[in-house]
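Colleague: Need coordinates for the following:
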Amino acid sequence: MRPETGRPFYSGAALKVLRLSSKSHWDVPVDVGGRRPVHVLACHPTPPAFDGPERRNVLRNHDEIRFWVDYVSPDAGHLYDDEGRRGGLATGAAFVVAGDLNADPAAGDGHPKAITQLLEHPGVRDVEPTSRGGLGQAAVDAGAAVPSGNLRADYVLPSAELPVGRSGVFWPAPDDPLFRLTGDRPFPSSDHRLVWVDVGRP
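Modeller: This is a model prediction of the structure:
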């Protein structure tokens, strides 16, 4: 809605063709040699920052993440694909949601419920990976007048019934020789960190 008028930001014609995915939502079934495949559910929602008063990016980021919440829920008949097939993932299917979701459950510019609704879904397991570098940066941020923006944005979220092992975030501490790969501002590679989780077969 336009804040100055209370009317929709998009015209009716635009809404008829406006896609939910700012980039894409992928359901890739992977044969892992088990009794059934593991569906990799990947996406990269729009960042909620750099928004205007109408909050289009915040709301779109929320809705792109909400899609997975609906997709892995039993009652998803309101969803349909380009071929008109309705429904989400089959009940009992194993999955892993993975991607840069551009949403932190406790901070940042995103809608407060955007990632929380996925993390708290009963069919999703959040193993909350950590790293020495991230813990160190959090301690620095706690004492800083201006925090660095140390946010959780990248996720690997297995379905609740999948066995999981170790997990982590590739974020070396400054005393680690591999720190050169992630570094500090200006980052030599990316301001994001690789998240990993060992997932067993269903």
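Colleague: top helix in the protein by residue count?
Modeller: Looking across the chain with DSSP state H, the single longest helix is helix 56-71.
Colleague: next helix or strand past that one?
Modeller: strand 94-100 (DSSP states H and E).
Colleague: Pairing partners for that following strand, with directions?
Modeller: If you go by DSSP bridges, strand 94-100 pairs up with strand 38-43 (parallel), strand 154-158 (antiparallel).
Colleague: which residues touch it?
Modeller: 36-45, 68, 72, 89, 118, 124, 153-159, 161-162, 192, 197, 199, 202 (Cβ atoms under 8 Å, 6 or more residues apart in numbering). Just so you know, the C-beta spots here come from the backbone N, C-alpha and C atoms, and that holds for glycine as well.
Colleague: again with stretch 52-67
Modeller: Contacts of stretch 52-67 (Cβ under 8 Å, 6+ apart): 1-3, 9, 20-22, 25, 43, 45-51, 79, 101-103, 109-111, 113-115, 117-118.
Colleague: among these, which ones are buried?
Modeller: 22, 25, 43, 45-48, 51, 101-103, 109-111, 114-115, 117-118 (16 or more other Cβ atoms under 10 Å).
Colleague: Can you list which of the residues you listed are found in strands?
Modeller: Among the buried ones among the contacts of stretch 52-67, the ones falling in strands (DSSP state E) are 25, 43.
Colleague: Which ones among the buried ones among the contacts of stretch 52-67 lie within helices?
Modeller: The members of the buried ones among the contacts of stretch 52-67 that map onto helices under DSSP H are 117-118.
Colleague: just to revisit the earlier point, quick one, the longest helix of the chain and strand 38-43 angle?
Modeller: Orientation check (axes from the mean of the first three to the mean of the last three Cα atoms, to 10 degrees): helix 56-71 against strand 38-43 gives 170 degrees.
Colleague: Return helix 56-71 as PDB; C-alpha atoms alone will do.
Modeller: The C-alpha trace of helix 56-71 is given here as PDB (Å, rounded to 0.1, in the frame of the first residue of the first chain):
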ATOM      1  CA  ARG A  56       8.000  -3.500  -0.700                       C
ATOM      2  CA  ASN A  57      11.300  -5.300  -0.100                       C
ATOM      3  CA  VAL A  58      10.500  -6.100   3.500                       C
ATOM      4  CA  LEU A  59       7.100  -7.500   2.600                       C
ATOM      5  CA  ARG A  60       8.400  -9.400  -0.400                       C
ATOM      6  CA  ASN A  61      11.200 -10.900   1.600                       C
ATOM      7  CA  HIS A  62       8.600 -12.000   4.200                       C
ATOM      8  CA  ASP A  63       6.400 -13.600   1.500                       C
ATOM      9  CA  GLU A  64       9.200 -15.400  -0.300                       C
ATOM     10  CA  ILE A  65      10.200 -17.100   3.000                       C
ATOM     11  CA  ARG A  66       6.600 -17.700   3.900                       C
ATOM     12  CA  PHE A  67       6.300 -19.700   0.700                       C
ATOM     13  CA  TRP A  68       8.500 -22.400   2.100                       C
ATOM     14  CA  VAL A  69       6.400 -22.400   5.300                       C
ATOM     15  CA  ASP A  70       3.400 -23.200   3.300                       C
ATOM     16  CA  TYR A  71       5.100 -25.500   0.900                       C
END
